[in-house]
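> Coordinates for the following, if possible.
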Amino acid sequence: MENQKLPNTTAVLILGIFSILTCCCYGFISIILGIVGLVLAKKDTVLYNQNPDLYSNYNNLKIGKVLSVIGVVLGTIYLILMIWMIVTFGYDTLQDPELLKEEMNRYFGIQ
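This next block holds a predicted model:
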């Protein structure tokens, strides 16, 4: 019998890659894609653990899982950073680059 491929491996890889690529979209998209990738990876991991000799692409699943975790972490960091900037400087200040530069210089004590 020929080895089969795990059903969601390609989707987990793609979601992990896009999770990292979209981490600068205020973090929301990255977190969502990463969590979906992790859920699919969990399903395939359970399937693989039931019969490891039947499947051949478990390494790709592990890579996709790692990429999804990295995407979730980066998205969370960026989301926390954006919330901190909105709370500290205000949303209107973030819309004006010159005003934001002045406020950041004042906040960090740069002359």
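> Quick check: which element contains the spatially most central residue of the chain?
Central residue of the chain (CA atoms, centre = their mean): residue 71, 2.0 Å from the mean position. According to DSSP states H and E, residue 71 maps onto helix 58-89.
> Just the mean pLDDT for that helix, thanks.
In this model, helix 58-89 has an average pLDDT of 96.
> For residue 16, which non-adjacent residue is closest in space?
residue 67 (2.7 Å; CB to CB, 6 or more residues apart in numbering). No exception for glycine: its C-beta is placed from N, CA and C like everyone else's.
> residues contacting that neighbour?
13, 16, 17, 19, 20, 37 (CB atoms under 8 Å, 6 or more residues apart in numbering).
> doesn't residue 84 make contact with residue 107?
No. Counting by CB atoms under 8 Å, residue 107 stays clear of residue 84, with 11.1 Å between them.
> which one among the contacts of residue 67 gets closest to residue 111?
Taking CB to CB as the measure, residue 20 is the one of the contacts of residue 67 closest to residue 111, at 37.2 Å.
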